[in-house]
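>>> Based on what follows, work out the 3D shape:
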Amino acid sequence: MSAERNSDVDDSTRAAAARRGRPRSERARRAVLAAARELLTDRGLPGLSVDDIASHAGVSKATIYRWWPTKAAVLMDAFTDAVEDRMTFPTGDDPLGRLREQLGRVARLMNEPAARRPFVALVAASQHDPELAAALRDRFVAGRRAAARELVIEAVRAGQLAAGTDPDTVLDMLYGALYYRLLVSGDPLTPDYPDHLVDTLGARPPVA
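Next up, the predicted model:
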């Protein structure tokens, strides 16, 4: 009986210690993300190391590697953490309208230098850094593309897009056009550009 009570006490003590540790861990994680963003903005990617991020954040390298496998993963999470709320997908009953609004949110965000500059730097560096390229795909592109793909599928079901429309081709056209302007041509992402892109799909109102 005594052993059981001791075991219960030990379990309770460990649980309480874990609860007390979580806020400190979360503060450290946030400090790492903030440090990575600041260093990326101030110094750029060349020469930026995990040691730099750890020193700037006031944590150990071991703390960083507890949450992230590579420097690339830290940098991508630092960027997405800063823009996540601005790139969410809206809710509602009009799937194509929701996609239109999300495209607009991306365009508005990328018109802000504080978001555009680190994103362009990450994309450029990913061309020569396989780990960063993988982090860009896995931590930034994949989830958002999956959500956008579902909206295209819903739009086809709702009769807004023609039956047989290929979702991946639609996404390549829409987001590819946005990022072409952002990364290649330098043409402005004007407020009406996302609407123009969606209109070129020949969209129809949803079927009642």
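>>> contacts and neighbour counts: CA atoms only from here.
Fine.
>>> my read: residue 36 touches residue 80, true?
No - shown here, residue 36 and residue 80 do not form a contact pair, counting by CA atoms under 8 Å, at 11.7 Å.
>>> Break this structure down into its domains, please.
Domain assignment for the chain by automatic domain parsing gives 2-67, 82-199.
>>> Those domains: which one's closest to residue 75?
For residue 75, the closest of these is domain 2-67, at 6.1 Å, according to CA to CA.
>>> Wait, residue 57 touches residue 38, no?
No - with contact defined as CA under 8 Å, residue 57 does not reach residue 38; the gap is 10.1 Å.
>>> So which of these two has more stuff around it?
Legend: neighbour count by other CA atoms under 10 Å for residue 57 and residue 38, higher for residue 57 (19 against 16).
>>> and the more buried one, what does it touch?
28, 31, 32, 34, 35 (CA atoms under 8 Å, 6 or more residues apart in numbering).
>>> If you rank these by neighbours, which is first?
In these, the most neighbours by other CA under 10 Å go to residue 32, 26 neighbours.
>>> who's in contact with that one?
53, 54, 56, 57, 59, 64.
>>> one more time with 10 Å, if that's ok
Applying CA atoms under 10 Å, 6 or more residues apart in numbering to residue 32 gives the contacts 26, 38, 50, 53-60, 63-64, 74-75, 78.
>>> Check residue 102 too.
Residue 102 touches 86, 87, 88, 89, 90, 96, 108, 148, 194, counting by CA under 10 Å, 6+ apart.
>>> Give me the buried subset of these.
Among these, those buried by neighbour count (16 or more other CA atoms under 10 Å) are 87, 89, 96, 108, 148, 194.
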